[in-house]
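1. Got a sequence here, can you model it:
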Amino acid sequence: MVRAMLAILAFLGPSALAAQASDAQRQCSPDGRLCFALETVEGDATYRIELDGADVIAPSRLGFMLRGAGKWQHGMQLGDAVTRGHDETWQQPWGERRLVEDRYNEIRVPIIETRKTKRRIDLVARVFDGGVGFRFEFPEQPQLGDVMVDEELTEFAIAGQAEAWWIPGGEWNRYEYLYRHTPASEVGTAHTPITFRRADGLHIAIHEAALQDYSGYWLERLEGERFRTRLAPSSQPWKVRRTAPFNTPWRTVLIAEDAPGLYAAADIILDLNEPNRLGDVSWVKPQKYVGIWWAMHLDKWSWNAGPKHGATTEHALDYIDFAAKHGFGSVLVEGWNEGWWSESGRNFKFATPYPDFDIERVTAHARKKGVAIMGHHETAGNAGLYERSLEEALAYYAKHGIHSVKTGYVADAGGVLREDPDGTEQWEWHDGQYMARHHVLVAKRAAKHRIAVNAHEPIKDTGMRRTYPNMMTREGARGTEYMAWGDPPNPPSHEPTLLFTRMLSGPLDYTPGIVSLAGRDGRLLPNTLARQLALYLVLYSPLQMAADLPENYGKAPDALAFIEQVPVDWEQTKVLAGEIGEYAVVARQRRGGSDWWLGGVTDGERREVTLDLSFLPAGKRYTAEIWRDGPGGGIEGDRFAMVREKRAVRGGDALTLAMEAGGGFAVSLRPAR
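-> Take a look at the predicted model:
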């Protein structure tokens, strides 16, 4: 009977209301293809997600383990549903695209225990054309006031056999792993976003949105293709403690027929966050930067004081001059302050320079040259000390005209240090509730001083940049530094995997532009020169670093010319082609401009791609400037072989380009005069 009713509602389409029976509720996407169904099965609240009437997420249970209140999962009934539609387009202050469509149908359903306690938790689901977001809302009630969550029991049962791309959750190195490609049935405990591809080609990505005052979750496989949330631990017996009323973050499922469609669907993560709370954010400036960083990873310089100290006055002045000459917006300075390297960051001083770093002279020279300074706050995971020092540290930067900061939390997972009011030390996880609160606190405090944040060793991105636009970018992935000393270095499959996994969550400060193609002790990077340029377009960040040493750019003038020109803020973005872990081609239009920029990367295989330029105005003439792998190139050949050429093209043409093994290309498309 219930299934018959669900079938009728599916036939009725997106306008069908869910409140048809107390044990079955349903809502469908605006285009009617994707549906979220909630029902009780033997007293358990269970949901499913269907595409064109077939399961994408098979029936999956919901529930919580609540400290002092037992399991909230069995003996449930559904209350009356409330539904609504929503359709608006909002504008980002910066981003992969200026305008974001926010169009969904929503259903709100109370889930109530039938036993004596009668505890109620509402489930709210928003069904978009490209996916579903749902969360739990805890209303104020005598039975649930001071809520301590030991575990969240949200399940995701992948319907059908699938393969997965994932990194392990709960392991020592936070998010900095190469992605594993396995059958879904062989996943252990994974970070999100995790991406699946079914045998029929359907792509599914599971993640979360609006993670503010709650523990981030790992996805733990239970059996087969059935997974369940596992909240990151806390120093306390519980994993989350909140006072009702409150909401959990959104649990998100992105669904697309191919990999490019999955990237397009990721706007849902932004849509599920609250709008900008900071007001005027015109002071948040996307830009390219250089800095005192790569030389440390090459072991030429050091962060700490001594004969190899990198953050000296003279080095900073040299970088400022280089930035001014080549049009880079800012210079990152790492290792300038006292305290490097102390166990658990106990000795860091965030407003005291080393004696060989004259911050007054450096910032005065930067102002004279029209270059900004990007500050750096490493904590070694001592988030408690950083919070206690935060106002002094940010005011010190504001005083010196420093309006962006790279933060760092280098510590093993579970090694974040804070202190209770009585001075007792507590150890937290990078993705636990404490750090979710911490990153929001840093963003709010920084905004008061008009300072933007680039967080490294962070909590995962969940679209919070919509609410706090000064949270510009972050790491949270295995970045370029592993090319200097990693064992192994990032393979060519890494970046076309990142685009369809980690990049679904938001910007990544990957630090590309290593034109020397060499790491520590002369080790060879498994990349071509053209590929290093392509990364500026494939992996998005509003802050893009030209990470190599200045002297190396002098040896690669064609590559430097591209890096000088490529924008970092975009009107719109399209993934033209790609397969996870194999290759990716991305097109981006300059914000407010008519020029387009294309970047492509491949794995260890040579590929030729034919690109449909129908996204350009039909018949309009463009000049394509191309930086591509040259003859004999590729990682097994001459990695520096690169051709820089120009071609005439029109909107609607096909452009065919080859990528050698481990290589890529970058293209600018400017209207012809």
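2. Please name the nearest non-neighbouring residue to L51.
-> L34 (5.5 Å; CB to CB, 6 or more residues apart in numbering). Using the backbone N, CA and C atoms, a C-beta is placed for each residue, glycine as well.
3. Where do the strands of the stretch 151-300 of the chain begin and end?
-> In the stretch 151-300 of the chain, the strands defined using DSSP state E, counting those that start in this stretch lie at 155-158, 162-166, 180-183, 189-190, 194-198, 203-209, 217-223, 226-231, 240-243, 246-247, 250-256, 287-292.
4. who's in contact with the last one?
-> Meaning strand 287-292. 301, 310-311, 315-316, 319, 322-323, 327-335, 372, 374, 542-547, 550, 563, 566, 568 (CB atoms under 8 Å, 6 or more residues apart in numbering).
5. coming back round to it: can you tell me how far the residue nearest to L51 sits from W303?
-> Per CB to CB, to the nearest Å, L34 is found 49 Å from W303.
6. between those two, who's got more neighbours?
-> L34 (24 against 20; other CB atoms under 10 Å).
7. what is A577 paired to in the beta sheet?
-> V585 (DSSP bridges).
8. That one and R607 touch, don't they?
-> No - using CB atoms under 8 Å, A577 makes no contact with R607, being 9.7 Å away.
9. Overlap of the contact sets of these two?
-> Contacts common to A577 and R607, judged by CB under 8 Å, 6+ apart, are Y583.
10. Now do the contacts for the nearest residue to P496 once chain neighbours are set aside.
-> Nearest residue to P496, sequence neighbours excluded (CB to CB, 6+ apart): A584, at 4.4 Å. Residues near A584 by CB under 8 Å, 6+ apart: 259, 495-496, 499-500, 538, 575, 577-578, 600-601.
11. And V149, by the same measure?
-> Per CB under 8 Å, 6+ apart, neighbours of V149: 64-67, 215, 231, 238-242.
12. Out of those, which comes closest to I459?
-> S215 (9.9 Å; CB to CB).
13. any idea what sits nearest that closest one, other than its immediate chain neighbours?
-> L231 (4.1 Å).
14. Quick one: neighbours of T573, just the number.
-> 17.
15. Surely it and V585 touch.
-> No - with contact defined as CB under 8 Å, T573 does not reach V585; the gap is 11.8 Å.
16. Could you pull out the strands in the stretch 451-600 of the chain for me?
-> Using DSSP E, counting those that start in this stretch, strands in the stretch 451-600 of the chain cover 452-455, 471-474, 543-545, 570-579, 583-590, 596-602.
17. Is it possible to get those out as TSV so that each row also shows distance to E208?
-> Below are the strands of the stretch 451-600 of the chain laid out as TSV (distance: least, CB to CB, whole Å):
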stretch	distance to E208
strand 452-455	17
strand 471-474	15
strand 543-545	24
strand 570-579	22
strand 583-590	24
strand 596-602	28
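18. Quick one: the strands of the stretch 151-300 of the chain as TSV, columns for mean neighbour count and mean pLDDT too.
-> What follows is the strands of the stretch 151-300 of the chain, written out as TSV (neighbours: other CB atoms under 10 Å; pLDDT from 0 to 100):
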stretch	mean neighbour count	mean pLDDT
strand 155-158	22	98
strand 162-166	23	98
strand 180-183	14	98
strand 189-190	19	98
strand 194-198	23	98
strand 203-209	26	99
strand 217-223	18	98
strand 226-231	21	98
strand 240-243	17	98
strand 246-247	16	98
strand 250-256	24	99
strand 287-292	24	98
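19. Need the distance between the two termini of stretch 654-672.
-> By CA to CA, to the nearest Å, the extent of stretch 654-672 from end to end equals 17 Å.
20. ditto for stretch 638-656
-> Across stretch 638-656, the terminal residues are separated by 22 Å (CA to CA).
21. Show me the longest strand that occurs in this protein.
-> strand 99-113 (DSSP state E).
22. Mind giving me the packing neighbours of that strand?
-> strand 24-28, strand 34-41, strand 76-78, strand 82-91, strand 120-128, helix 267-271 (3 or more CB pairs under 8 Å, 6 or more residues apart in numbering; DSSP states H and E).
23. Redo these as TSV? Include distance to L657.
-> Converted to TSV, the helices and strands packed on strand 99-113 look like this (distance: least, CB to CB, whole Å):
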stretch	distance to L657
strand 24-28	41
strand 34-41	35
strand 76-78	54
strand 82-91	33
strand 120-128	33
helix 267-271	28
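24. will you turn the ones you listed into TSV that also has distance to I158 and mean pLDDT?
-> Output for the helices and strands packed on strand 99-113, formatted as TSV (distance: least, CB to CB, whole Å; pLDDT from 0 to 100):
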stretch	distance to I158	mean pLDDT
strand 24-28	21	96
strand 34-41	16	98
strand 76-78	24	96
strand 82-91	27	98
strand 120-128	18	98
helix 267-271	19	98
